[in-house]
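A.B. asks: generate a structure from the sequence data that follows.
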Amino acid sequence: MNAPLESIPEHLREYITEQDPSLYTPMDQAVWRYVMRVSKAFFAVHGHPLYIHGLSATGISTDRIPLISEMDTALRKLGWRAVAINGFIPPAIFLEFQSLKILAIACDIRKLENIGYTPSPDIIHEAAGHVPIVADPEYRKYLEAYGEVARNAIITKADLELYEAVFNLSEVKEDPHSTPEQIAVIQKKFEEVASREAKPSEAALLTRMAWWTTEYGLIESAGAPLIYGAGLLSSISESFHCLSPEVKKIPFSLKASINTSYDITRPQPQLFVAQTFQDLTLALDEFANTMAFRQGGAYGLRLGVEAQNTVTAVLDSGVQLTGILKDALFTSNGEEAGFVLSGNKQFSFHDVASSGIPPHLMPEDILIPLFNPGVSETPLEEVLRKIHGSGLHTRSGLRLQGRFHKTVELGKGGKIHLLEQAKITDEKGRVIYSDPSRLYPLALGSRVVSVFGGAADRKVFLLNQRKPSKKVQSHKSNLTPENTTLNFLYRQVREFRDSGETNLRYLDTVFKQLEQYFPEDWLLRLELLEIYSEREPDNVITAKLYQSLESLRNRLPERKEMIERGLELI
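C.D. replies: Next comes the predicted model:
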């Protein structure tokens, strides 16, 4: 395992996989080596000043796909961690990892045909893109702050549908067994979901901010923009063109970044240039001040209802109520007066859930009214006397009656009082809530001070929803029956380079087989040319390799740039 699982919260462990280096093919290693060689040459000039240093400081080499265990060891010195995951994981889980200062590194590596860019998270994107700039202390502060803020963001049902569409598109594009017809079907579905017009959620706005900073951000240095975003650092194709005048460079601002949407399937038409990483942290805090977890009140309840997804409402008494907000009540002057809690529920205090409230004894939909100020400090005997008698009046004039059943402790100091035969009536005595067969959870509070995405006690909530897999799944391999023979040739070249062998006759056979059976493979020809041109530049095969690559550059326009950049390195 790349990291001791015991040190990771239990509900996150099922997303951690085992990196198996044996699943990387010789072609995969060549893809990594090519990307790193091209990247180091380009980003030494056009990347963040810490890029080259950050690679070595975090255990990332040029010649082989890195071990995540080595990156974890290096990142620990910076106060961070690294764990291996399988591609996309749910947004809330990714953000929770980040809030714990853990980088979730996808183990898979892109196929050769997607060497320039892939929408799917892979080890090139995560390791060669995200990890190096973590060496910058101010950037680390931004990442840490972003994780803390974003894990409180309200994620809507629409967000989850888009995540699912992106996940499916990325999976099918990087699956070596996918057919063009399968890719076309999933691409169409993604475009349908992505084109739906909806008010962007907190999570969507924060995702835009992350896209234009941590993924596609530029930072100014001596009057020129330098690349620091992982999406660009891992896209040797888009990064090569992004600094041209055709791509607009816009000074970074919170408003501009969160109001600019993006398309993951196409090069970005504009990029944002920050002055310092500290500016990103300040902008993030500015946005956080507008979010429901800091605003609370009627605003927070409205966002919670719009989400149609799990959120937590926090009362001024400290009690946290988790579930789906089906509806909300407001006073005549627009202040919060209560809400209807539905779906899977949780009752917590200081992020610790109670185990003393059996879910099956709760109603499906629970009306949670807010009471007059000071109710949580009122002696319990007085509160219960009113509930059992004339009723306890709410902020909106409703009346709650019922019989006391028992009090359930929530963490240290929090309480929920369970009632039997609970009934809520309006000012005219009409019953608007009653479920005599179930217990009613009385939460005393007069205001909603916060509404945030997800559950208060995430570990308990997630583990109650499903049992985590006990088997840690490994990542996939790009080896197929169709590329097995070609991979064998890649292996021979790699073993030749690693062995220190000097007799090039060993590689003559590889060249002949490549010419005979794989006329369109350009990367192995570059690998061979690198070796031949270093050791025997006047060799006849050196000349033939140059000719072959020149021919491929003309015949494969989609590979022209990659071939030319490889030739420049040689």
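
A.B. asks: which SS class is Thr213?
C.D. replies: Under the three-state scheme (DSSP: H, G, I helix; E, B strand; the rest coil), Thr213 adopts helix.

A.B. asks: where does the closest residue to it other than its chain neighbours land on pLDDT?
C.D. replies: Of all residues not flanking Thr213 in the chain, Leu280 sits nearest, at 5.5 Å (CB to CB, 6 or more residues apart in numbering). The way it works is simple: take the backbone N, C-alpha and C, and place the C-beta from them, glycine included. On pLDDT, Leu280 comes in at 98.

A.B. asks: wait, is Leu280 part of a helix?
C.D. replies: Yes. Counting by three-state DSSP, Leu280 is located in a helix.

A.B. asks: where along the stretch 1-150 of the chain do the strands fall?
C.D. replies: Under the criterion DSSP state E, counting those that start in this stretch, the stretch 1-150 of the chain contains strands at 81-85, 102-106.

A.B. asks: quick check: mean pLDDT of the last one?
C.D. replies: Computed over strand 102-106, the mean pLDDT rounds to 92.

A.B. asks: need the strands of the stretch 1-150 of the chain in a markdown table (columns: mean neighbour count and distance to Glu197).
C.D. replies: Shown next, in a markdown table, are those (neighbours: other CB atoms under 10 Å; distance: least, CB to CB, whole Å):
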| stretch | mean neighbour count | distance to Glu197 |
| --- | --- | --- |
| strand 81-85 | 25 | 32 |
| strand 102-106 | 23 | 31 |
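
A.B. asks: which of those sits closest to Val134?
C.D. replies: Closest approach to Val134 among these (CB to CB): strand 102-106, 7.2 Å.

A.B. asks: could you dump the closest one to PDB, C-alpha only?
C.D. replies: Extracted C-alpha coordinates of strand 102-106, given in PDB (Å, rounded to 0.1, in the frame of the first residue of the first chain):
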ATOM      1  CA  ILE A 102      -4.100  14.700   1.200                       C
ATOM      2  CA  LEU A 103      -3.500  14.700  -2.500                       C
ATOM      3  CA  ALA A 104      -5.600  12.000  -4.200                       C
ATOM      4  CA  ILE A 105      -3.400  10.700  -7.100                       C
ATOM      5  CA  ALA A 106      -5.100   8.800  -9.900                       C
END
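
A.B. asks: which elements pack onto it?
C.D. replies: With contacts taken as 3 or more CB pairs under 8 Å, 6 or more residues apart in numbering; DSSP states H and E, strand 102-106 sits against helix 68-76, strand 81-85, helix 91-99.

A.B. asks: most tightly surrounded among those?
C.D. replies: Ranked by mean neighbour count, the helices and strands packed on strand 102-106 are led by strand 81-85 with a mean of 25 (mean count of other CB atoms under 10 Å).

A.B. asks: what residues does that one touch?
C.D. replies: Strand 81-85 is contacted from outside by 2-3, 8, 15-19, 68, 71-72, 75, 97, 100-107, 131, 475, using CB atoms under 8 Å, 6 or more residues apart in numbering.

A.B. asks: again with stretch 108-115
C.D. replies: Applying CB under 8 Å, 6+ apart, the external contacts of stretch 108-115 come out as 24, 27-28, 31-32, 34-35, 65, 86-87, 118, 120-124, 173-174, 176, 236, 475-476, 478, 523, 562.

A.B. asks: so Tyr24 makes contact with Ile65?
C.D. replies: Yes. Taking CB atoms under 8 Å as the definition, Tyr24 is a contact partner of Ile65 at 5.3 Å.

A.B. asks: which residues touch Leu205?
C.D. replies: 258, 287.

A.B. asks: try it again at 6 Å.
C.D. replies: Residues counted as contacts of Leu205 (CB atoms under 6 Å, 6 or more residues apart in numbering) are Ile258.

A.B. asks: can you add mean pLDDT and distance to Ile264 and give the helices and strands packed on strand 102-106 back as a markdown table?
C.D. replies: Listed next are the helices and strands packed on strand 102-106 as a markdown table, based on pLDDT from 0 to 100; distance: least, CB to CB, whole Å:
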| stretch | mean pLDDT | distance to Ile264 |
| --- | --- | --- |
| helix 68-76 | 92 | 24 |
| strand 81-85 | 92 | 19 |
| helix 91-99 | 85 | 14 |
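
A.B. asks: need the ones you listed in a markdown table with distance to Lys386, can you?
C.D. replies: Formatted as a markdown table, the helices and strands packed on strand 102-106 follow (distance: least, CB to CB, whole Å):
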| stretch | distance to Lys386 |
| --- | --- |
| helix 68-76 | 56 |
| strand 81-85 | 52 |
| helix 91-99 | 40 |
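
A.B. asks: which residues does Ala283 contact?
C.D. replies: For Ala283, the contacting residues are Leu254, by CB under 6 Å, 6+ apart.

A.B. asks: pull the helix or strand with minimum mean pLDDT from this structure.
C.D. replies: Least confident element among the helices and strands of the chain, by mean pLDDT, DSSP states H and E: helix 157-174 (a mean of 80).

A.B. asks: so that helix versus strand 102-106, what angle?
C.D. replies: Put simply, helix 157-174 runs at 40 degrees to strand 102-106, going by axes from the mean of the first three to the mean of the last three CA atoms, to 10 degrees.

A.B. asks: now for the next helix or strand after helix 157-174, which elements pack on it?
C.D. replies: Downstream of helix 157-174, the next assigned helix or strand under DSSP states H and E is helix 180-194. Counting contacts by 3 or more CB pairs under 6 Å, 6 or more residues apart in numbering; DSSP states H and E, helix 180-194 is packed against helix 157-174.

A.B. asks: contact partners of the helix it packs on?
C.D. replies: 88, 91, 119-120, 178, 182-183, 186, 190, 193, 198, 201, 203-204, 308-309.
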